[in-house]
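>>> following is a predicted model, sequence given first.
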Amino acid sequence: MANLQYHQYPYMSDNYGVLVHCPQSGDTASIDCGDAAATNSALQTKGWNLTHIFATHHHADHVAGLTTLKAEHNCKVIGPAGINGVDQQVSDNDQFTFAGIEVHTLHTPGHTKDMINYYLPAEKTVFTGDTLFTLGCGRLFEGDAKMMWHSLSKLMRLPPDTIVYSSHEYTEANAAFALTIDPHNGALLQRAEKIKTLRANNEPTVPSTLAEELATNPFLRAQDPAIRQHLGLADATDEEVFAEIRQRKDNF
């Protein structure tokens with residue numbers, strides 16, 4: 001089986017959707033679908049036919065186009081329970097195949113309680129929705145810090161070379177915040193400069209790799225001694241350090 005092809009496209013003010021296409025079978029999945037017109041435009045650009053939608057969570061900017069696209073394309077919708085139009089409900093540690101490729105689902109509550117991430121081991125790729133962002137993580141709208149730290153810890157256990165597709169272009173602001181938490185991290189300082197250049201040229205900062213996030217994303221670095229010292233939390237639990245970082249980001 002040939003490797004899958006990926007086409008990331010922007011919609012709304014800062015969202016990203018991704019089309020995942022198998023050239024052999026012709027199957028094409030859309031990761032989320034907050035804007036049906038944007039998804040259809042991306043499909044037309046690539047000349048692909050939509051066969052699947054993988055929904056990450058119920059927020060409108062991720063599923064507002066779902067019922068329209070399902071009606072137009074007669075595609076199969078996979079996602080968490082409670083989303084109108086889902087054909088196959090998935091939760092934690094479920095598996096299914098797409099175009100002959102195994103897909104694992106990770107339940108990563110925190111931003112919402114229904115959040116599902118999609119991991120394709122053979123492709124070394126994960127779609128993290130609004131759980132893990134480039135240099136950030138989702139706001140805690142429905143869950144708490146304990147819940148989100150547990151969810152991020154699941155993602156941290158994936159292979160470091162995993163490609164991380166997240167759902168928003170928040171990275172420039174995330175980098176500015178990260179430098180207030182981890183100001184002496186050389187890898188972060190270099191990455192922040194690279195991000196400035198990318199955004200100045202209107203280029204995306206997504207996807208990233210898990211290795212990059214582990215080295216520079218403060219929300220994954222609660223165990224780091226320098227961060228703990230900087231926050232005055234040398235003896236705190238990882239969960240407590242994460243909670244402090246998340247609260248600071250909310251007020252940044």
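Received it, and whenever you're ready, just let me know what you need. Keep in mind that what you see is a predicted model, and the values were worked out from it rather than measured. Numbers count the residues shown, from 1 in each chain.

>>> in the protein, which spans are strands?
Assigned strands in the chain, in chain order: 5-11, 15-21, 28-31, 52-54, 76-79, 88-89, 95-98, 101-107, 116-120, 125-129, 132-133, 136-137, 163-166, 208-209 (criterion: DSSP state E).

>>> any chance of those strands in JSON lines with mean neighbour count as columns?
Where you see a C-beta, it was placed from the backbone N, CA and C, and this is true even at glycine. Converted to JSON lines, those look like this (neighbours: other C-beta atoms under 10 Å):
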{"stretch": "strand 5-11", "mean neighbour count": "16"}
{"stretch": "strand 15-21", "mean neighbour count": "22"}
{"stretch": "strand 28-31", "mean neighbour count": "26"}
{"stretch": "strand 52-54", "mean neighbour count": "25"}
{"stretch": "strand 76-79", "mean neighbour count": "22"}
{"stretch": "strand 88-89", "mean neighbour count": "13"}
{"stretch": "strand 95-98", "mean neighbour count": "14"}
{"stretch": "strand 101-107", "mean neighbour count": "19"}
{"stretch": "strand 116-120", "mean neighbour count": "23"}
{"stretch": "strand 125-129", "mean neighbour count": "26"}
{"stretch": "strand 132-133", "mean neighbour count": "28"}
{"stretch": "strand 136-137", "mean neighbour count": "26"}
{"stretch": "strand 163-166", "mean neighbour count": "23"}
{"stretch": "strand 208-209", "mean neighbour count": "18"}
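
>>> and those strands: which comes nearest Ala145?
Of all those, strand 136-137 sits nearest to Ala145, with 10.3 Å by C-beta to C-beta.

>>> so can I have CSV of the strands of the chain showing mean pLDDT?
Output for the strands of the chain, formatted as CSV (pLDDT from 0 to 100):
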stretch, mean pLDDT
strand 5-11, 97
strand 15-21, 97
strand 28-31, 98
strand 52-54, 98
strand 76-79, 98
strand 88-89, 97
strand 95-98, 97
strand 101-107, 97
strand 116-120, 98
strand 125-129, 97
strand 132-133, 98
strand 136-137, 96
strand 163-166, 98
strand 208-209, 98
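
>>> Pro183: which of the ones you listed is closest?
Proximity to Pro183 (C-beta to C-beta) singles out strand 136-137 among the strands of the chain, at 16.7 Å.

>>> name the helices or strands packed onto that closest one?
With contacts defined as 3 or more C-beta pairs under 8 Å, 6 or more residues apart in numbering; DSSP states H and E, the packing partners of strand 136-137 are helix 171-181.

>>> which neighbouring elements make contact with the helix it packs on?
Packing partners of helix 171-181 (3+ C-beta pairs under 8 Å, 6+ apart): strand 136-137, helix 186-200, helix 225-231, helix 238-250.

>>> so Gly100 sits against Ser25, correct?
Yes. With contact defined as C-beta atoms under 8 Å, Gly100 counts as touching Ser25 (6.9 Å).
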